[in-house]
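*Asks:* Pasting the sequence and the predicted model now:
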Amino acid sequence: MTLTEAILAIYLQLGAPEWAAANLDALADVLRDLSWLPPGPINLVVPELAEPDATQLRAVLWQVAGETADGPRPIVPSE
């Protein structure tokens, strides 16, 4: 799986808007918003990737998880 495919798989889990671009910056922006979802934890299954893409994706997911931890829709990545 490529990084782009992994991001699209995450978007599919979230029901992300069609305008969401398949790059790490856009993924972070989408994960910080999630206003279309009801409040509560957002459990994400993290797709398997080869390095270095896996490290980059995990870094974005864990950063956003920290930023959203006290919000209405905290991101909870799981592998």
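*Replies:* Perfect, I can see it now.
*Asks:* What residues sit buried inside the longest helix seen in the chain?
*Replies:* For the chain, the longest helix by residue count, based on DSSP state H, is helix 53-68. Going by neighbour count (16 or more other Cβ atoms under 10 Å), the buried part of helix 53-68 is 53, 54, 57, 60, 61, 64, 65, 68. C-beta here means a position set from N, CA and C on the backbone, and glycine is covered the same way.
*Asks:* Next, give phi and psi for the closest residue to residue 58 other than its chain neighbours.
*Replies:* The shortest distance from residue 58 to any non-neighbouring residue, by Cβ to Cβ, 6 or more residues apart in numbering, is to residue 46 (6.9 Å). Per-residue torsions, residue 46: phi -90, psi 120 (degrees, to the nearest 10).
*Asks:* so residue 46 touches residue 56, yeah?
*Replies:* No - at 12.0 Å, residue 46 and residue 56 do not qualify as touching, with contact defined as Cβ atoms under 8 Å.
*Asks:* hmm, back to that, and the longest helix of the chain, what other elements does it pack with?
*Replies:* helix 3-14, helix 24-33, strand 75-78 (3 or more Cβ pairs under 8 Å, 6 or more residues apart in numbering; DSSP states H and E).
*Asks:* Can you tell me how far residue 6 is from residue 40?
*Replies:* 24 Å (Cβ to Cβ, to the nearest Å).
*Asks:* When the two are compared, which one has more neighbours?
*Replies:* Higher neighbour count among residue 6 and residue 40: residue 6, with 19 against 9, using other Cβ atoms under 10 Å.
*Asks:* gap between stretch 70-79 and the chain center?
*Replies:* In terms of Cα atoms, centre = their mean, to the nearest Å, the centre of stretch 70-79 is found 9 Å from the chain centre.
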